[in-house]
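Student: structure for this input, please:
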Amino acid sequence: MHTLCLRYTLDPNRIDAFRNYVEDETPVIRDCGGRIVGYYLPTDFAGPTNIAYGLIEFGSLDLYERYRATLAVDPTHRRNATALTESGALLAIERSFIRRHGYAEGSAATREEVAHAAP
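Tutor: Sure thing, here's the model as predicted:
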């Protein structure tokens, strides 16, 4: 299992625009082959108020590459990305892959999936 970690730097005054993007983009991500673990928005009571995260799982890097290719030509994704850019909410995005260690009750992956993903 490969988990794409998206770290978004946002304009803290435009969090609602990012929230709308996430709501609109979620079905597109699923349709293109991503398994959403979750999107996490900043809070106003602890930590930075302008950092958000998105975690999306893929069974293999080949599936991730297919996802990227499909997403790139999806018209709804293009509209969503344009709207987010034009809103001024997104200041920067970082992409990295992270590896799950252990299993949390209620998580997106099963114990068996985590065990098979271990190196």
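Student: tell me how many other residues surround Thr49.
Tutor: Using other Cβ atoms under 10 Å, Thr49 has 14 other residues around it. Just so you know, the C-beta spots here come from the backbone N, C-alpha and C atoms, and that holds for glycine as well.
Student: run through the helices of the protein in chain order.
Tutor: 15-31, 61-73, 75-87, 111-117 (DSSP state H).
Student: pull out the buried positions in the longest one.
Tutor: Counting neighbours by 16 or more other Cβ atoms under 10 Å, one finds that the buried residues in helix 15-31 are Ile15, Ala17, Phe18, Tyr21, Val22, Glu25, Val28, Ile29.
Student: looking at those, spot the one nearest Ser60.
Tutor: Checking those against Ser60 with Cβ to Cβ, the nearest one is Ile29 at 16.8 Å.
Student: just put the buried residues of helix 15-31 in TSV and tack on distance to Leu84.
Tutor: Shown next, in TSV, are those (distance: Cβ to Cβ, whole Å):
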residue	distance to Leu84
Ile15	12
Ala17	7
Phe18	7
Tyr21	4
Val22	9
Glu25	8
Val28	12
Ile29	14
